[in-house]
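K.L.:
here is my input, please return the structure:
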Amino acid sequence: MLICRLVFFGSNYTAFSSESNTAIALSFLVGLRFDITVFSILFSPLVLFHVLVFSWNENKFFSKFFTLYFITLTSLCALVNLSDAGFYKFSNKRSTFDFFQVLTAHSDTIGTVPDMIKDHWYLFIFFIGCVLLASYLSRSIKTFSIVLPTYIRIVIKVVLLSAFLIGFRGGLQLKPLRISSAAKYSSATLAPLALNTAFTMIKTSYGSDLELLNYLSEKERLDNFNLTRNYSKDTTFQSKNVVIILLESFSAEYSSLLSGNAIGYMPFTDSLMQQSLYCTNAFANGKRSIEALPAVLSSIPVLMSEPFITSNYNSNRISSPVLALKNKNYQSAFFHGGANGTMGFDNFSSLAGFDRYYGKDEYPFEKNFDGKWGIYDEPYLQYAASEMSKMKQPFISCIFTLSSHHPYSVPPSLSNNFTAGSLPIHKSISYADYALRQFFESASKTEWYQNTLFVIAADHTGPYGSEQYAKIPKVYSIPIFLYSPSDLQLKGKIKKAVQQLDLFPSIMDYLNYDQTFYSFGSSFFRSEEYPIVFYSNELYYVWNKTSLIEMSAEELGDKNQNDQSILNFVRAFTQAHNEKLKLNTLQEP
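P.N.:
Here you go, the predicted model:
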């Protein structure tokens, strides 16, 4: 585990390089505590059997069994930890047990394994080395017999069992060691370095059974955060089409306009933003595509260790602009060029109220398959534009791109058209940007184009290239903007901090929707500005205009903490989240 932590540190040095050497060394020291806990949990059957029944090495069969047990579990620990060394730059946290649920939700994940090994070949070599080391250690154990008085044997057994019990709990503290303890004993920035992935997976293997919180009374909660929205106006409802476009992994860092970098990889998106109402301080709520859909379409925050789509609450009644606009006779469709069933998008789109789902199976031309995830962006976006032209207006649709997902496929015929940047993703971002340009060129020739509000955002950020974008909140920084060809007033900059949760209420406010609904976000067009809450490895990170506050669940419940106004907002926000999901009342204003 020490070897794996060193590899994790080296692979993600940019994320931790601003910390002092002393702090980094302390994180390695703290990490030993999590390693001992994992060791105690995983090998407790071996120790209990050895101590309470008979010494396993006294029996040839059990000796071989426990040798295999040791090698297998040690190798699995190495596998998940080394995998995270490569995956951390995408997720910005240690993986949790939901990794396996998300993995099975990707029906086409297996096909990308060779590319992942190729891109991270050095991690594979370290993994093989760890397996060989575990095998060597298991064979090199020397046993011997010694006759001891019964009382000494009992004392030794009691000491050994006590040591394992303490290790199992992670120490002598009142409560067992938790994921959030890493920040307490090191720092929030270095918590992922102190943790190990086997620990975070074990601790989150129990599922997402939310607890009803009582930080605040109902009145106090409503005073600090009320998710009821009603934008009643004297003006008439705008019966405009709504097209939501989610761009895979489009970080603000890749935009020259948003980052201020001389070199950008999305020139068309930058030019379109300048003709739109765009946000200069916009954030994704999660780090994965599977977390983006509930945030964008239903304003559901990312406040659980696993995504809403794979959680116990994935069949709850929810709110969405699609469901709301059914009352206004809108048709609806969801477009994603990936394999049908990928990440549960088809099920969630149905839950959100979409009439039709268009996946890879519905796309008619197999020749445009990228061989990995699905259909290349350019032909698929053209297909989406064509299918929307067949829909009766008004309609609402959502299009999710995919070519800028790892392994960053670009059609061979166009590969030389885009310059490779400093990161492998850059060329595919430029291709996806080109595909978006072609989509708008085709859409502009349709009869529905002028009467359409385009809502464009990234699903999450991609791999970072600089230290500035490796840390919260910049690691969540994405483009978000609204564009309408016929609305000359929908232009300019929104400088307040906004998030994906704000898209649902902003759409309803723009259309002059006059009914009440629930949302954890607020409209771009309103003066209120809520702090943005990020959640990672059981820690809350609250971005409040210019400051970042870090806290654990224990600190959230501590009435003696400073800055009670921010804390009370987060308390009300998380309390409302748990209540609405637990009681299934997210669709009932």
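
K.L.:
can you spell out which helices and strands pack onto the helix or strand encompassing residue 457?
P.N.:
If you go by DSSP states H and E, residue 457 is part of strand 452-458. Where contact means 3 or more Cβ pairs under 8 Å, 6 or more residues apart in numbering; DSSP states H and E, strand 452-458 is packed against strand 241-247, strand 480-483, helix 503-510. Bear in mind the C-beta positions are built from the backbone N, C-alpha and C, glycine included.

K.L.:
contacts for the second one?
P.N.:
The reference is to strand 480-483. Residues outside strand 480-483 that contact it (Cβ atoms under 8 Å, 6 or more residues apart in numbering): 272-273, 275-279, 282, 453-458, 490, 498, 500, 503, 506, 510, 524.

K.L.:
strands along the stretch 301-450 of the chain, start to end?
P.N.:
Listed in chain order, the strands of the stretch 301-450 of the chain (DSSP state E, counting those that start in this stretch) span 331-336, 356-358, 395-400.

K.L.:
so which of these is nearest residue 192?
P.N.:
Closest approach to residue 192 among those (Cβ to Cβ): strand 395-400, 28.1 Å.

K.L.:
can you lay out the helices and strands packed on strand 452-458 as CSV showing mean neighbour count?
P.N.:
Converted to CSV, these look like this (neighbours: other Cβ atoms under 10 Å):
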stretch, mean neighbour count
strand 241-247, 23
strand 480-483, 24
helix 503-510, 24
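
K.L.:
could you dump the ones you listed into JSON lines with distance to residue 198 and mean pLDDT added?
P.N.:
Rendered in JSON lines, the data for the helices and strands packed on strand 452-458 read as follows (distance: least, Cβ to Cβ, whole Å; pLDDT from 0 to 100):
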{"stretch": "strand 241-247", "distance to residue 198": "33", "mean pLDDT": "98"}
{"stretch": "strand 480-483", "distance to residue 198": "36", "mean pLDDT": "98"}
{"stretch": "helix 503-510", "distance to residue 198": "37", "mean pLDDT": "97"}
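
K.L.:
all helices for the stretch 51-200 of the chain, in order.
P.N.:
Applying DSSP state H, counting those that start in this stretch to the stretch 51-200 of the chain gives helices spanning 60-91, 98-105, 113-119, 121-140, 150-169, 181-185, 191-194, 197-203.

K.L.:
quickly compare those and say which is most buried.
P.N.:
helix 191-194 (a mean of 27; mean count of other Cβ atoms under 10 Å).

K.L.:
so how far is that one off the chain centroid?
P.N.:
Taking Cα atoms, centre = their mean, to the nearest Å, one finds helix 191-194 lying 17 Å from the centre of the chain it belongs to.

K.L.:
any idea of the mean pLDDT in that helix?
P.N.:
Regarding helix 191-194, the rounded mean pLDDT is 92.

K.L.:
what packs against that helix?
P.N.:
Right, helix 191-194 is packed against helix 2-11, helix 21-42, helix 181-185 by 3+ Cβ pairs under 8 Å, 6+ apart.

K.L.:
one more pass at 10 Å, please.
P.N.:
helix 2-11, helix 13-16, helix 21-42, helix 60-91, helix 181-185 (3 or more Cβ pairs under 10 Å, 6 or more residues apart in numbering; DSSP states H and E).

K.L.:
residue ranges of the helices in the stretch 301-450 of the chain, please?
P.N.:
321-325, 345-351, 377-389, 425-443.

K.L.:
just the buried residues of the longest one, please?
P.N.:
So that's helix 425-443. 425-440, 442-443 (16 or more other Cβ atoms under 10 Å).

K.L.:
could you do the third one as well?
P.N.:
Within helix 377-389, the residues that qualify as buried by neighbour count (16+ other Cβ under 10 Å) are 377, 378, 379, 380, 381, 382, 383, 384, 385, 387, 388.

K.L.:
what's the answer for stretch 305-322, then?
P.N.:
305-311, 313-314, 316, 318-322.

K.L.:
return the distance of stretch 401-415 from the chain's centre.
P.N.:
With Cα atoms, centre = their mean, you get 22 Å for stretch 401-415.

K.L.:
domains in this structure, by residue range?
P.N.:
Using automatic domain parsing, the domain ranges for the chain come out as 2-203, 239-525.

K.L.:
can you put those in a markdown table and add distance to residue 588?
P.N.:
Converted to a markdown table, the domains of the chain look like this (distance: least, Cβ to Cβ, whole Å):
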| stretch | distance to residue 588 |
| --- | --- |
| domain 2-203 | 27 |
| domain 239-525 | 8 |
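
K.L.:
looking at those, spot the one closest to residue 552.
P.N.:
Per Cβ to Cβ, nearest to residue 552 of these: domain 2-203, 3.9 Å.

K.L.:
quick one: end-to-end length of the closest one, please.
P.N.:
The first and final residues of domain 2-203 sit 20 Å from each other (Cα to Cα, to the nearest Å).

K.L.:
so what's the gap between it and the chain middle?
P.N.:
23 Å.

K.L.:
now swap in stretch 529-547 and tell me
P.N.:
15 Å.

K.L.:
so where's the chain uncertain?
P.N.:
Residues of the chain meeting the criterion pLDDT under 70: 54-59, 100-113, 141-145, 207-208, 560-563.

K.L.:
return the set of buried residues in stretch 39-48.
P.N.:
Taking 16+ other Cβ under 10 Å as the criterion, stretch 39-48 shows 39, 40, 41, 42, 43, 46, 47 as buried.

K.L.:
what's in contact with that stretch?
P.N.:
Contact with stretch 39-48 is made by 1, 50, 56, 62, 65-66, 69-70, 72-74, 76-77, 160-161, 163-170, 198-199, 202-203, as judged by Cβ atoms under 10 Å, 6 or more residues apart in numbering.

K.L.:
dump that stretch to CSV, restricted to CA.
P.N.:
This file holds the C-alpha atoms of stretch 39-48, laid out as CSV (Å, rounded to 0.1, in the frame of the first residue of the first chain):
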residue,chain,number,x,y,z
PHE,A,39,-5.3,-4.9,6.6
SER,A,40,-7.2,-5.6,9.8
ILE,A,41,-10.6,-5.8,8.0
LEU,A,42,-9.5,-7.9,5.1
PHE,A,43,-7.4,-10.4,7.0
SER,A,44,-9.5,-10.7,10.2
PRO,A,45,-10.9,-14.1,9.0
LEU,A,46,-7.4,-15.4,8.7
VAL,A,47,-6.4,-14.1,12.2
LEU,A,48,-9.6,-15.2,13.9
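
K.L.:
nice, that's everything, thank you.
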